[in-house]
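*Asks:* this is the structure alone, sequence omitted:
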């Protein structure tokens with residue numbers, strides 16, 4: 001409920017993004033995005049435009065926010081969370097679909113858009129620690145289970 005006693009309306013939101021990895025000298029490195037203004041570190045993601053699939057959204061958003069051209073290796077699942085905008089009278093339920101990705105060339109991390117002012121390749125273990133939100137760190141840990149030492153994505157585990 002809003003402070004005024006009125007109920008907030010609920011809206012569902014969907015986003016898609018990716019965990020981009022490469023093999024560094026000491027193991028896998030992950031692209032993370034940051035903002036100096038609020039100290040936030042996150043994974044690239046964003047909202048689909050009309051007619052776009054989740055995979056298309058993930059590739060586009062990663063390209064825009066990191067400057068990298070990428071290829072999807074596999075889906076990783078989704079995270080979900082709630083947040084409110086009381087001034088708008090809205091409570092949002094957001095689901096973010098993540099994909100494991102590799103860079104394919106045609107871009108560099110200094111060619112990203114202005115949503116973030118920092119884009120860095122970071123050793124995987126440090127990336128897990130730096131991410132602001134625990135649910136993003138959890139999906140990154142899951143993704144690392146599919147990144148073998150040789151840099152190629154692992155196949156789907158047997159169930």
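*Replies:* Received the coordinates, thanks. None of the values given here were measured: they were computed from a predicted structure.
*Asks:* contacts only, for the residue nearest the centre of the chain.
*Replies:* With distances taken as CA atoms, centre = their mean, the residue of the chain nearest its centroid is residue 43 (3.2 Å). For residue 43, the contact set (CB atoms under 8 Å, 6 or more residues apart in numbering) comprises 17-19, 32-33, 98, 131, 136, 139-140. Bear in mind the C-beta positions are built from the backbone N, C-alpha and C, glycine included.
*Asks:* now the nearest residue to residue 144 once chain neighbours are set aside: how far from residue 59?
*Replies:* Closest residue to residue 144 apart from its sequence neighbours, by CB to CB, 6 or more residues apart in numbering: residue 124 at 5.6 Å. Going from residue 124 to residue 59 by CB to CB, to the nearest Å gives 21 Å.
*Asks:* follow-up on the earlier one: please identify which of the contacts of residue 43 is nearest to residue 66.
*Replies:* The shortest approach to residue 66 among those belongs to residue 33, at 6.7 Å (CB to CB).
*Asks:* may I ask you to name the longest helix in this structure?
*Replies:* Counting residues, the longest helix found in the chain (DSSP state H) is helix 54-66.
*Asks:* in this structure, where is pLDDT below threshold?
*Replies:* Applying pLDDT under 70 to the chain flags the ranges 1-5, 106-116, 149-159.
*Asks:* so what's residue 128 up against?
*Replies:* By CB under 8 Å, 6+ apart, residue 128 lies in contact with 137, 140-141, 144.
*Asks:* sticking with it, tell me its helix or strand.
*Replies:* helix 124-130 (DSSP states H and E).
*Asks:* after that helix, which helix or strand is next?
*Replies:* helix 134-144.
*Asks:* just the strands from the protein, written as ranges.
*Replies:* Taking DSSP state E to define them, one finds strands in the chain at 9-24, 27-35, 40-42, 45-46, 69-85, 90-105, 118-123.
*Asks:* export the ones you listed to CSV and tack on mean neighbour count?
*Replies:* Formatted as CSV, the strands of the chain follow (neighbours: other CB atoms under 10 Å):
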stretch, mean neighbour count
strand 9-24, 18
strand 27-35, 20
strand 40-42, 17
strand 45-46, 20
strand 69-85, 15
strand 90-105, 18
strand 118-123, 17
